[in-house]
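Visitor: fold the following, please.
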Amino acid sequence: MKTTLWSILNNNIDGINLSRGIEIPMIQRDYAQGRQNAKAKEIRDIFLFDLHQGMLNVKHKHSPALDLDFIYGVNTNNTFIPLDGQQRLTTLYLIYWYFAFRDRKIDDLKVQLSKFSYEIRPSTSLFLKRLLDGLDESDYRDVFGDNSSFERVLKNKNWYFVVWNHDISIKAILIMLDSIHEVFRKSEITIHDLIDVENPPVTFNFLQISNFGLSDSLYVKMNSRGKPLTSFENLKAELGKFIKESDFNSNYNYSIKSSDFVKEVDVETYFMTKIDNEWSDLFWRYRDSQYLFDEKLLNLLSFISLNVLAINNKVEFDHAIEKFSDPDFQISYYSLYVNNLINESTIINYIDILDLLTIKNVAFRTYLDESGFYEQIILPVFSKKINVDYQIRVLFYGIFEYVRRNKLHLDIIELNKWSRLLHNMTSNTIYNRSSDFIDSLQGICTFLDSYSGDLYKDFLKNSMSGFDSVQTKEEHIKLTLRISELNFNLILDEIENHGYLLGQITGVLVISGIVERYNYDKFQSLTQEDLVTIKCSIEKAYNKFIKFFNEKGLIPFQDDLFRRALLTYGDYAVYSTNFCFFVNSGRDVSWKRLLKELGTSLNTYNVARGAFLKLFDNISSSEDTLEGLRNIIKEYLNSKNEEDWLYYFIKYPIILENSYQKYVKFFEGDLIYPLRRTKYFKEEDPDYMSLVLKHKLENAGIDTRTIDFGYIQSGIEQYGIKSILGKSIKIAYNHDRQGKFYIKKHGDEGFYMGDITAVVKYISGYFEK
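Guide: Take a look at the predicted model:
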C-alpha cells in the first residue's frame, strides 16, 4: 500500500488504526543517518539532495512522488512499530518538523508531530517532545536571522540536559537538523507541500505484517535482507540515473559487442554494462583490504571532472579546487554534483578514458607498458582524493586527448613523439596559477584540432600556445634539427634524458652557440656542412656540461671551486628572500633555472648569465676540470690589488662552505653574513670576516674548538669571538670597510683596533702562555 509519513501521523490509512502514531522499538539501533563520519555524511547528503529534487519535481513539473521503497512493520496497540525503514522515517520526520518550524506551523501540527517517538532511549523521546514545545521566537531568529546552528541553539536551552550529549540518536538528530537546514533553508517547498494529501511529494510502500507480537528473531530476519550499498554501488546507481534522465542519453553512438552480436545502445546502458564488466575488472587489481575499489573510480571521476570544468569555467574551477582542498571534504557523487562537476562533458570524458584504459589497442598498450605513464601519472590519479598538481593534470589530459582523437589510427611512433614533446613542454612550464594550467589545456586542444598526423611538421608550422616561451623556442630548434638530413635524434635524446635537465636543454644549446645562429636566420639555409658543425658544437658543449653537472645538479666540487671560479666573472647571486649563489633545486635560484635563462634576456639573471658563459668559454674540454677551475681562481687573485668582499669569497672556501644553502645576507657597508638557512639569524650566522679569521687561526695551528665564536650581546652587538680558553674577551670585525677588528679584554674600558694579521698574532699569544 502506497502511503506517506503524514498519513500515518494523521491516522489516515484505510482499514488500519494507527491512532498512537509511530514508535521506534527498543530492538532497533540508534539513529544513524546523522552520524559524523564520511560514510554517514555521504548517505545523508545524497538522501537529502534526492528528497529536495523529488519535491521540486512534484511541485513544478507535476512529476510522480519520490518513492522510498518498502517500509515494513507491525501494528501493536494502534502503534506502528517499524522493522525496516527506521532511518528513512526518522529523517522524513525531522524534515516535517523542520518545515513546520521554518513556516511557523508547529502549534498547528503539534498533535500529529507528537505521534513519533523512540522507545530505544527515553532521553531521545523526551528530546523529540521538547522540539515541539521548547522553542520560541528568539530561537527562530537565532537560526533564520543570525544563522546560528540548530545544535548551538538547542544545546543552549535550559531544558537541554548535558547528559544528552552522550545520547547517540540525539547527537545524530542535531547533525541532521543542521544538514536539513543547509539544503532546505531557501527552498520553495513549504510544509503545506509536504502534507498535501492529493499531491504528496514523498511516498513509500507501507507493508503491515500480521499482528503477532514483535520478536527479536523476526526483526533480525527482516533487517538482514542485505548489506548497505557500497560507495561504488551508490556511484554506479546515481550516475546511471543521471545519464538516463539526461537529454544526451540518446545522442551518442555506443555499442555493446559480444561474440554473437553487436548491439547499439544508449549512454546509460553502455555505462551500466561496462562498469559491471571491463571497467570493474581493471580496478579490481587496485582493490583494498575489503575488496573495494570505489575510491579509485571516484578519484578518477573527480580528476576528470575538474579538468573538464577548468576548460569551461575558470571561476568555478577555482572555487571547486578551494572546496576540494579542505581536509574535511569528502568526494562522493553528491559532492561532485552540487559543485557542477557532473554533466554531459564529464560523463562522456569519463566513459572515453575508462574505455581507453581497457582498450586492446596494441600501440596504446605498448606505450603504457614502456613509457612509465601508468605508474607516474595514472596510478597517482587513482590513489589521491584530490590532486592539484597542474603538471600531472596537463600530462593526463594531453595524452588521453591525443589517444582519444586518434584511437582508430594510433601510431606508436607519433604517440611517442607527442609524449616526449608534451613532457618537455609541461615539465618546464611554471604553473603559478590556475590560468597558466588552463592556458596549457586550451593550447593542447587547439593544436590537436589541426593535427594532420605529422607532429613535427605541425608543431613547426603552428607551434602550441599555453606553454613556456623559452621551451617552445627550444622545441622549434630541436625539431628543425630532428627532421634535417643529418641524424640528430641520438644526441638530442641523450641530452634531454639527462637526469637534471629533464627535457630542457636550452643551456647546452646556448653554450654550443647554435641558439645565436637560430636567432639570426631560423636555420633557413643550413647546408650539410652547417649541420655537421652544429652537431659537433652540441656534442662538445654537452661533454663540457657533464663535467660540471650530474643527474642531481652541480657536482659538489671540493672547496666549492665552481661557485668561487664563477665569482671571478662577477657577483652573480640572485635575490630570493636573500641573495643566493644558486643551488640544485628551487624555482628561481636553481642551476636549472639559470641554464634556462641562458636563452633569455631577463635582467635578473644578466650577471649570472654572462659569468656562466664566460666560465664555459674559458674551460677547455680537454682540461682537467678541477685544475681548470683552480687556474681561473688563481689568475683572478693574482690580478687583484684591492681586497673587497668578493676577493675574500673567492679566496677562502670556508665562507661559502659555511653557507649551507648558499644564501648570503648583505646589509649596508661591509655587513655580509653567509647564512646557514635562507634567513638571517644574528645568534647563529657569522659575518664573513669572522670565518676568514677562523681560517687563518687554523692555518696558524690554533685549535679553534677552544675558541667560543658566537653573538656578542653587550657593547658590540654582533657576531665574533666571546672567549678564548674559557677567558672572556670580545673580538669582532669592524664593518667600516677598513679591514679592522675590535678587541676588548674582560675588564678593559676601551677597544683595541687591529687588522686581521694583528688579531691572529694577539690570539696566538693566549696559546703561548
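Visitor: pLDDT averaged over stretch 513-531, what's the number?
Guide: When pLDDT is averaged along stretch 513-531, the result is 90.
Visitor: which positions within it qualify as buried?
Guide: 514-515, 517-518, 523, 526, 531 (16 or more other CB atoms under 10 Å). Placement of C-beta: from N, CA and C, glycine included.
Visitor: where in this structure is pLDDT low?
Guide: Confidence mapping of the chain against pLDDT under 70 gives the ranges 27-28, 210-232, 286-293, 385-388, 737, 769.
Visitor: and the longest strand for it?
Guide: In the chain, assigned by DSSP state E, the strand with the most residues is strand 66-76.
Visitor: which helices and strands does that strand pack with?
Guide: helix 38-61, strand 79-84, helix 86-102, strand 202-209 (3 or more CB pairs under 8 Å, 6 or more residues apart in numbering; DSSP states H and E).
Visitor: re the thing from before, nearest to Ser601, of the buried residues of stretch 513-531?
Guide: Taking CB to CB as the measure, Ser601 lies nearest Val515 of the buried residues of stretch 513-531, at 12.0 Å.
Visitor: the closest one against Ile477, yeah?
Guide: Yes - with the criterion set as CB atoms under 8 Å, Val515 and Ile477 qualify as a contacting pair; they are 6.9 Å apart.
Visitor: what's the overlap in contacts for those two?
Guide: Here Val515 and Ile477 have Leu509 as joint contacts, going by CB atoms under 8 Å, 6 or more residues apart in numbering.
Visitor: circling back: please produce CSV containing the helices and strands packed on strand 66-76, extended by mean neighbour count and distance to Thr600.
Guide: Formatted as CSV, the entries for the helices and strands packed on strand 66-76 read as follows, by neighbours: other CB atoms under 10 Å; distance: least, CB to CB, whole Å:
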stretch, mean neighbour count, distance to Thr600
helix 38-61, 18, 48
strand 79-84, 21, 71
helix 86-102, 22, 62
strand 202-209, 18, 65
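Visitor: make a markdown table from these and add distance to Ile721 to it.
Guide: Conversion of the helices and strands packed on strand 66-76 to a markdown table gives the following (distance: least, CB to CB, whole Å):
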| stretch | distance to Ile721 |
| --- | --- |
| helix 38-61 | 60 |
| strand 79-84 | 84 |
| helix 86-102 | 75 |
| strand 202-209 | 84 |
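Visitor: closest to Leu691 out of these?
Guide: Relative to Leu691, the nearest member of those by CB to CB is helix 38-61, separated by 55.4 Å.
Visitor: between that closest one and strand 66-76, how big is the angle?
Guide: For helix 38-61 against strand 66-76, the angle by axes from the mean of the first three to the mean of the last three CA atoms, to 10 degrees is 110 degrees.
Visitor: can you give me how far helix 38-61 is from the chain middle?
Guide: On the basis of CA atoms, centre = their mean, to the nearest Å, the separation between the geometric centre of helix 38-61 and that of its chain is 30 Å.
Visitor: now it against helix 86-102, angle please.
Guide: Interaxial angle, helix 38-61 versus helix 86-102 (the same axes, to 10 degrees): 60 degrees.
Visitor: state the distance from the residue lying closest to Ile342 once chain neighbours are set aside to Asp389.
Guide: Among residues not flanking Ile342 along the chain, Leu336 sits closest, at 5.2 Å (CB to CB, 6 or more residues apart in numbering). In this structure, Leu336 and Asp389 are 20 Å apart, going by CB to CB, to the nearest Å.
Visitor: now Ile331
Guide: Taking CB to CB as the criterion, Ile331 is separated from Asp389 by 17 Å.
Visitor: and the residue lying closest to Val262 once chain neighbours are set aside, helix, strand or coil?
Guide: Closest residue to Val262 in three dimensions, ignoring its sequence neighbours and counting by CB to CB, 6+ apart: Ser255, at 5.3 Å. Following DSSP: H, G, I helix; E, B strand; the rest coil, Ser255 is assigned to strand.
Visitor: partner residues bridging Ser255?
Guide: The residues paired with Ser255 through beta bridges, assigned by DSSP bridges, are Glu264.
Visitor: doesn't Val265 make contact with it?
Guide: Yes - using CB under 8 Å, Ser255 is in contact with Val265, at 6.5 Å.
Visitor: who has more neighbours, the two?
Guide: When Ser255 and Val265 are compared for neighbours, Val265 comes out ahead with 16 against 10, by other CB atoms under 10 Å.
Visitor: residues contacting the more buried one?
Guide: Neighbour list for Val265: 254-256, 273 [criterion: CB under 8 Å, 6+ apart].
Visitor: farthest-separated two in those residues?
Guide: Going by CB to CB, the pair spanning these furthest: Ser255 and Thr273, at 10.4 Å.
Visitor: phi, psi for Glu23 please.
Guide: Note on Glu23: its backbone torsions stand at phi -130, psi 120 [degrees, to the nearest 10].
Visitor: residue boundaries of the helices in the stretch 551-700 of the chain?
Guide: 561-567, 591-597, 606-618, 625-639, 645-651, 653-657, 688-699 (DSSP state H, counting those that start in this stretch).
Visitor: count of residues packed around Ser427?
Guide: 15.
Visitor: follow-up on the earlier one: closest one to Ser7 out of the contacts of Val265, please.
Guide: Within the contacts of Val265, the smallest distance to Ser7 is 39.7 Å, found for Thr273 (CB to CB).
Visitor: does the closest one count as helix, strand or coil?
Guide: Assigned state for Thr273: helix (three-state reduction, three-state DSSP).
Visitor: residues near it, how many?
Guide: With neighbours defined by other CB under 10 Å, the count for Thr273 comes to 15.
Visitor: alpha carbons only: can I get stretch 709-728 in PDB?
Guide: Extracted C-alpha coordinates of stretch 709-728, given in PDB (Å, rounded to 0.1, in the frame of the first residue of the first chain):
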ATOM      1  CA  PHE A 709      82.500  32.000  18.400                       C
ATOM      2  CA  GLY A 710      79.000  33.500  18.700                       C
ATOM      3  CA  TYR A 711      76.800  36.600  19.000                       C
ATOM      4  CA  ILE A 712      78.200  39.200  21.400                       C
ATOM      5  CA  GLN A 713      75.300  40.800  23.200                       C
ATOM      6  CA  SER A 714      76.700  43.900  25.000                       C
ATOM      7  CA  GLY A 715      78.800  46.700  23.600                       C
ATOM      8  CA  ILE A 716      79.400  45.300  20.100                       C
ATOM      9  CA  GLU A 717      76.100  43.600  19.300                       C
ATOM     10  CA  GLN A 718      77.400  41.400  16.500                       C
ATOM     11  CA  TYR A 719      79.000  38.100  15.800                       C
ATOM     12  CA  GLY A 720      82.600  37.400  16.900                       C
ATOM     13  CA  ILE A 721      84.800  35.800  19.500                       C
ATOM     14  CA  LYS A 722      83.300  35.600  23.000                       C
ATOM     15  CA  SER A 723      86.100  33.700  24.900                       C
ATOM     16  CA  ILE A 724      89.400  32.000  24.400                       C
ATOM     17  CA  LEU A 725      90.400  29.000  26.500                       C
ATOM     18  CA  GLY A 726      87.500  29.900  28.700                       C
ATOM     19  CA  LYS A 727      88.700  33.500  29.300                       C
ATOM     20  CA  SER A 728      86.200  36.200  28.400                       C
END
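Visitor: tell me where the stretch 101-250 of the chain has helices.
Guide: With DSSP H, counting those that start in this stretch as the criterion, the stretch 101-250 of the chain has helices spanning 106-113, 122-133, 137-144, 150-155, 168-184, 191-194, 216-223, 231-244.
Visitor: appreciated, that's everything.
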